[in-house]
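Q: quick one: sequence plus predicted model below, questions after.
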Amino acid sequence: MTSKKLATSLLVAVLGFAGVTHWRASVREAAAAAAFPPSGQFVIVDGRRMHYEISGTGPDLVLIHGASGSLRDLTFSLRDRLTDRYRVIVVDRPGLGHSDPLDDTSLAAQARVIKAGVAQLGVTDPIVLGQSYGGAVALAWALDGGPRALVLVGSPSMPWPGTLDLWYRVTSTRLGRALAVPVASAFVPESYVRAATGAVFAPDPVPPGYEAHLGTALTLRRATLATNTAQVNALRAELVTMEPRYPTLTLPVELIHGTADTIVPLRIHSAPLALLLPDATLTVIDGAGHMPHHAHADRVIAAIDRAALR
């Protein structure tokens, strides 16, 4: 085979694979949209939709989910244990769930959109709970002013040593995202998703029914994957700029962290953060992993109640 024919064959193969990838990703995205439609309402902030659910009565409590997720993580069980004494507003962060993406994926930009969105619902002085990446968004919100108290659950807050895992390293560039994201969206099997979910919860078990409720298929949409990877890859640099400002935060802060959290280690994040914040209380849950709001919900709810009283 001549080099010209070889090049033509390779081009045909690449184009064929790209076509199959696009088709399969589109089919999976359509199935995800049908299986997990918006469960709440929308507000418009600067022309972008923010998806939210609101329920309960009492002081305002805003819940912000972590990376690779949506508000469905927080409505699985936690939200309904709070609505007897709080007005709970659960939001999809920009670009995830059913909220529109932003041109600026920074923590500060996300915090501003969420703050402006819930303000349209009459929320001006809330307690804000952030889980994992959502806690970093909550910290950015606090640095910009507004919450009456923070509750941070397994949240990254400090620059960490080393690098992110292989997926985030591959998708750290525009070219990497352009190549890897469609392939992942089209071909990642459910067995891999189940294993990844188990690793996030470990050593705690995944609650029965959690994966069916969460709708991981929403996270595997191409636009959502691209947004999520861009947000996570930018996180460390943003925390570098935020860290010197933490001592200026005088609001009450409740930190909840498991000793067995390998996703966001206690010793790197909440433990040193507690020393920097003027009014912080650190609750350490022995043996808990990265999702204590499921496996140890009573401890998280107690922290919310303390924040409300403080």
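A: Looks like it came in fine. What you see is a predicted model, and the numbers here were worked out from it, not measured in a lab. Numbering: from 1, shown residues only.
Q: how about the contacts made by residue 24?
A: 186, 187 (C-beta atoms under 8 Å, 6 or more residues apart in numbering). Where you see a C-beta, it was placed from the backbone N, CA and C, and this is true even at glycine.
Q: a strand runs through it, doesn't it?
A: No - note on residue 24: no strand contains this position according to DSSP: H, G, I helix; E, B strand; the rest coil, which reports helix.
Q: ok, residue 287 to residue 150 distance?
A: The gap separating residue 287 from residue 150 is 24 Å, by C-beta to C-beta, to the nearest Å.
Q: return the set of buried residues in whichever strand or helix holds residue 113.
A: Residue 113 belongs to helix 107-119 when elements are defined using DSSP states H and E. Buried residues in helix 107-119, counting neighbours by 16 or more other C-beta atoms under 10 Å, are found at 107, 108, 110, 111, 112, 113, 114, 115, 117, 118.
Q: also stretch 194-208?
A: Residues of stretch 194-208 classed as buried by neighbour count (16+ other C-beta under 10 Å): 197, 200, 201, 202, 204, 206.
Q: could you look up the SS state of the residue positioned nearest the centre of the chain?
A: The residue at the geometric middle of the chain, judged as the C-alpha nearest the mean C-alpha position with C-alpha atoms, centre = their mean, is residue 66 (2.0 Å). Taken by three-state DSSP, the conformation at residue 66 corresponds to coil.
Q: ok, and the closest non-adjacent residue to it?
A: Setting aside the residues directly before and after it, residue 66 is nearest to residue 132 in space (C-beta to C-beta, 6 or more residues apart in numbering), at 3.0 Å.
Q: what of residue 240?
A: residue 159 (4.9 Å).
Q: what's the neighbour count on the closest residue in space to residue 147 that isn't next to it in sequence?
A: Nearest non-adjacent residue to residue 147, counting by C-beta to C-beta, 6+ apart: residue 128, 4.3 Å away. Residues near residue 128, counting by other C-beta atoms under 10 Å, number 31.
Q: next one: residue 141
A: Other residues within reach of residue 141 by the criterion other C-beta under 10 Å amount to 24.
Q: quick check: it touching residue 114?
A: Yes - in this structure, residue 141 sits in contact with residue 114. The criterion is C-beta atoms under 8 Å, and the distance is 7.0 Å.
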